[in-house]
Each structure stands twice: as C-alpha cells, then as structure tokens.
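> Build me a model:
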Amino acid sequence: MINESYVAAAKHLSRAFLVTVVAFILMMCFFAVNAFAGVLKEYNIVINDNGYEYTIATDETQPLDILNSTGIKLGAKDKLNITAFKENVGGTIIIDRYNTIIIDFNGIIKTYGVYADTVGEAFAEVDVNIEDCLVNYESSAPVENGMVITVNSPNAVTVRADGKTHELGIVNGTVGDVLSELNIKLSGDDYLNYSKSTPVTDGMVIRVYRVEAKTVTEKQTIAYSVKQIEDGSLEKGKTKLETAGVNGEKTVTYEVVYVNGEVKEKKQISSTVTKEPVDEVKRVGTKVNVINTTSANNYKDYTVGQIISGKYTHYCACEVCCGKSNGVTASGKKVQNGMEDPYYIACNWLPLGSVIEVNGTTYTVVDRGGNLSRQGRIDIFTPEGHEAAVNYGTGSCTIKIVRLGW
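Residues are numbered from 1 along each chain as shown. Purely as a prediction, here's the structure:
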C-alpha cells in the first residue's frame, strides 16, 4: 500500500528540480549567445605603416578609430589610403608617412619631403637619377625621417692612348684606377700627363705618352763647293764651267727618341763619308773689252747710255727657234748649238752691231726675229740647246745702250 502523501511530495520535488535545471540551461544559453555574438563582431585588419605590415583584430568600424585603438598616430602631412578597407569585413589600411630626407649629390645638398617607403622609391618620387651612381643606402632600405643619403655620380673621364680614345665613367678613384680599368699598362719610359695617384675629376683627359728609342741610319748628301778662278782671256762678266760639281754622300747614324710615334729627340752618334764630293770649278772673266764708240751716238729715238726697261726670252740655233737650220744670223754671224757662248741677241728696234748691257752682262745685236720690234724686247741666244732655252724662260730686265751699230 503506497503512502499518497509521500508520492505527492516526491512529485513536488521533481517538478521543482526540473524548473531549476531548465532555468540553468537557459541562463547558460544566454551567456553563450552573448559571448558568441561578441566574438562575431571582431574582424581582422592589415595595417601597412609606411611599408611595415601587421594584422590586428578589431570591432571598430572607422579607420581612424581602428588606428587610435592600436596607438597609431598620424602626422599633419601623413596620408591615409583606405581604398582596400571595408568595415566589418577587413582589408588593408595604408599609411603613407611624410618623411624629410637629405640628399647629398656630389657635394650639393638638398632637402626633400617624400611619401616613399624605400630609398629607391624616394629617388623616383623626387626624380633623381642614380643610375651608375654610388649610394650609401640600398634601394630597398626603408626611408626614415631625417636620413641623409649620399650620392656620388660617375666622373666622365677621357683617356687617349695608343691612337685610341676611351670614354668611361668612374665614381671615385685615381688615374691609376682608370688605367687598370682599361687594362692600359706603362712600360719603360712611358709617361702620363698626370701622376697615377691623382684623383679623377669630371671632364679629366688622361694622355698616355709612349716612349720608344731607336737607332736610325740615314744616307745624306754632301753638297759640292763652288770655286771660281779668274780668267783674263774671258771678257769681264762672262764665266766658263771648267769642272762640273758632283755631290758626295755620307752615312749618318742617330739615336732617335719617339713619343707617340713622333720624333722628340735626335742625337747623332756616328758619321761616315762614303763618297767624296767633287768641287765645281768655274772660270770668271776679267778681260775688259774696249768697245768701239766711233759709231753714231744717236739712232732714231735711242742714244748711247740710255737705260730702258725690257723683257727677254731665249732661243737656240734649231729650226724650231730660227725657222732654218743653217745658223746664219741676219748680220751674217753664224751660230750653232754647243758652241761657246758668243753673247748674241736678236732684236728689231736697234741697228745690227749695237752693244747693250742686260742686267750687267754685255751682248751684241746680230739677229732679227718676229715680235721683237717693241722697245726693250730682246731674244737671247742660248748655245746649250732648245731645252735649255725653254727652261731659261722669260723675264724682265734692265737694258743699257753701250753702242749703236757697228
């Protein structure tokens, strides 16, 4: 038999316990839901601060609030790029810091403000070309506010050596470094226009002087001398060749110093005569002829002693010059090539037999010719032949009338 009061009490306790359990479960669910909701409100953001990146979790929605929550402060000229950011989703907030850098370019110092993250980007931003230059930072080095960047650009150097011209750029170094770069070596007495230790400068021209010593042997002419012998059998003013001069020859040895192929110094070390010269011997007339002055002192417009300005040519006894080959002149005097010089002339304006001085030499008029009628025009007989007459050519002269006619 069951006690009904006991059963009723048991039922009452079971109902109370169930209520308590349900209440506890509901309370736990409430805390769990709230905690989960709090977790769901946070999201990840990447912050790029002038090239440095890090990720944070945040429940803030505004970029400035996000930065403030992480302790990141912006300067007055810093830039904020939020094009890659989306609130409650994530993305990237980019901070471009404004930094002041100092560039020392070959001793010229300038200050720039840049937003670049690296040194290479900074040069691009301020449009400074550093190609082939020596820089104290790598291009990938981060930019820091107040940093000093030193740039040394190449010096343009010209080198002239061995007939060639070399152009190159060198940042630092000496003349010796430039020669090593071009593999140019000095030997013996070679020298430069600068010492090897001289620092290079922009626009420098380096010259290499190659020195070479040689022994050179030459054949040289020994000029003959002219000796004159007075001869009383020859009329004064006339000469006669007795011995033709012949040049001699000698062998001379020199020590020659060449600089870049040109003679710098030449020193004789020996000389040997291999052929002696033969002196020219010439007889000079001293005989004074007494010219017959019994002829007339006047002829037409001419008088003895008159000085006339003239023009001369030369002719010989050949048929080309005379139009005949018998050598008989208009005065009857006979001439021939190869004879001793008779000192004859042809002219049409003085009587035959007239004597004149032509530039100090005495001639007798024995012949006529074409184109010789003009005053002062004379043709001088040349016994050496036609070639000699052509070579003697024409010229101006001073004529003095010594005698008119025979």
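> So which residues of the stretch 251-400 of the chain form strands?
262-275, 280-287, 298-299, 302-303, 307-315, 344-346, 355-358, 361-367, 377-381, 395-403 (DSSP state E, counting those that start in this stretch).
> could the ones you listed go into JSON lines alongside mean neighbour count, distance to Ala116 and mean pLDDT?
Heads up, the C-betas are built off the backbone N, CA and C, glycines and all. JSON lines is the format used below for the strands of the stretch 251-400 of the chain (neighbours: other CB atoms under 10 Å; distance: least, CB to CB, whole Å; pLDDT from 0 to 100):
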{"stretch": "strand 262-275", "mean neighbour count": "11", "distance to Ala116": "57", "mean pLDDT": "95"}
{"stretch": "strand 280-287", "mean neighbour count": "16", "distance to Ala116": "94", "mean pLDDT": "89"}
{"stretch": "strand 298-299", "mean neighbour count": "13", "distance to Ala116": "113", "mean pLDDT": "90"}
{"stretch": "strand 302-303", "mean neighbour count": "15", "distance to Ala116": "108", "mean pLDDT": "94"}
{"stretch": "strand 307-315", "mean neighbour count": "17", "distance to Ala116": "94", "mean pLDDT": "97"}
{"stretch": "strand 344-346", "mean neighbour count": "23", "distance to Ala116": "103", "mean pLDDT": "97"}
{"stretch": "strand 355-358", "mean neighbour count": "20", "distance to Ala116": "99", "mean pLDDT": "96"}
{"stretch": "strand 361-367", "mean neighbour count": "21", "distance to Ala116": "100", "mean pLDDT": "95"}
{"stretch": "strand 377-381", "mean neighbour count": "22", "distance to Ala116": "99", "mean pLDDT": "97"}
{"stretch": "strand 395-403", "mean neighbour count": "17", "distance to Ala116": "90", "mean pLDDT": "96"}
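> Make TSV out of the ones you listed and add distance to Asp132.
Shown next, in TSV, are these (distance: least, CB to CB, whole Å):
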stretch	distance to Asp132
strand 262-275	37
strand 280-287	74
strand 298-299	97
strand 302-303	93
strand 307-315	77
strand 344-346	86
strand 355-358	82
strand 361-367	82
strand 377-381	81
strand 395-403	72
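> Relative to Asn129, which of these is closest?
Of all the strands of the stretch 251-400 of the chain, strand 262-275 sits nearest to Asn129, with 42.3 Å by CB to CB.
> counting contacts, what elements does that closest one pack onto?
For strand 262-275, the elements it packs on are strand 211-222, strand 248-259, judged by 3 or more CB pairs under 8 Å, 6 or more residues apart in numbering; DSSP states H and E.
> Please repeat the previous calculation with a cut-off of 7 Å.
strand 248-259 (3 or more CB pairs under 7 Å, 6 or more residues apart in numbering; DSSP states H and E).
> Okay, now the sheet partners of the strand it packs on, with direction.
Strand 248-259 has these partner strands in its sheet, going by DSSP bridges: strand 211-222 (antiparallel), strand 262-275 (antiparallel).
> For Val390, which of those is the nearest?
Proximity to Val390, assessed across the strands paired with strand 248-259 by CB to CB, is greatest for strand 211-222 (27.3 Å).
> got the contact list for that closest one?
Taking contacts as CB atoms under 7 Å, 6 or more residues apart in numbering, the residues outside strand 211-222 that touch it are 188-191, 247-259, 273, 277.
> can you list the weak-confidence ranges in the chain?
Counting by pLDDT under 70, the chain shows low-confidence ranges at 1-40, 288-295.
> Nearest the geometric middle of it, what residue?
Taking CA atoms, centre = their mean as the criterion, Thr165 is the residue nearest the geometric centre of the chain, at 8.3 Å.
> Surely that one and Val157 touch.
No. Counting by CB atoms under 7 Å, Thr165 stays clear of Val157, with 11.2 Å between them.
> So what's the gap between stretch 115-135 and the chain middle?
Its chain's C-alpha centre and that of stretch 115-135 lie 35 Å apart, by CA atoms, centre = their mean, to the nearest Å.
> Thought Asp341 was touching Tyr363, still the case?
No. The criterion here is CB under 7 Å, and Tyr363 misses it with Asp341 at 10.1 Å.
> Assumed Glu138 was part of a strand.
No. Glu138: not assigned to a strand; according to DSSP: H, G, I helix; E, B strand; the rest coil it is coil.
> got a list of what it touches?
For Glu138, the contact set (CB under 7 Å, 6+ apart) comprises Val119.
> Same check on Gly146?
Shown in contact with Gly146 (CB under 7 Å, 6+ apart): Thr100.
> For it, pull up the helix or strand it's in.
Assessed by DSSP states H and E, Gly146 sits outside every helix and strand.
> same question, the one 3 residues further on
In this assignment (DSSP H and E), Ile149 forms part of strand 148-152.
> partner strands of that strand, parallel or antiparallel?
strand 99-105 (parallel), strand 134-135 (antiparallel).
> Tell me which of the ones you listed is the most buried.
strand 99-105 (a mean of 17; mean count of other CB atoms under 10 Å).
> what helices or strands is the helix or strand following it leaning on?
Counting by DSSP H and E, the next helix or strand C-terminal to strand 99-105 is strand 108-114. Judged by 3+ CB pairs under 7 Å, 6+ apart, strand 108-114 is in contact with strand 99-105.
> For the strand it packs on, give me every contacting residue.
Here strand 99-105 makes contact (CB under 7 Å, 6+ apart) with 109-114, 122, 128, 143-151.
> Which PyMOL command selects the buried ones in those?
Here the buried members of the contacts of strand 99-105 are turned into a PyMOL selection, burial being counted by 16 or more other CB atoms under 10 Å:
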select buried, resi 112+114+122+143+147+149+150+151
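> picking up where we left off before, which other residues reach the strand holding Ile149?
Against strand 148-152 from outside (CB under 7 Å, 6+ apart): 101-106, 119, 130, 133-137, 171-172.
> same thing but at 8 Å, please
When contacts are defined by CB atoms under 8 Å, 6 or more residues apart in numbering, strand 148-152 is touched by residues 101-106, 119, 122, 128, 130, 133-137, 171-172.
> repeat for stretch 74-83
For stretch 74-83, with CB under 8 Å, 6+ apart as the criterion, the contacting residues are 63-64, 67, 93-98, 113, 115.
> what about 7 Å?
By CB under 7 Å, 6+ apart, stretch 74-83 touches 63, 93-98, 115.
> of these, buried ones?
Counted by 16+ other CB under 10 Å, these give 63, 93-97, 115 as buried.
> Thanks a lot, see you next time.
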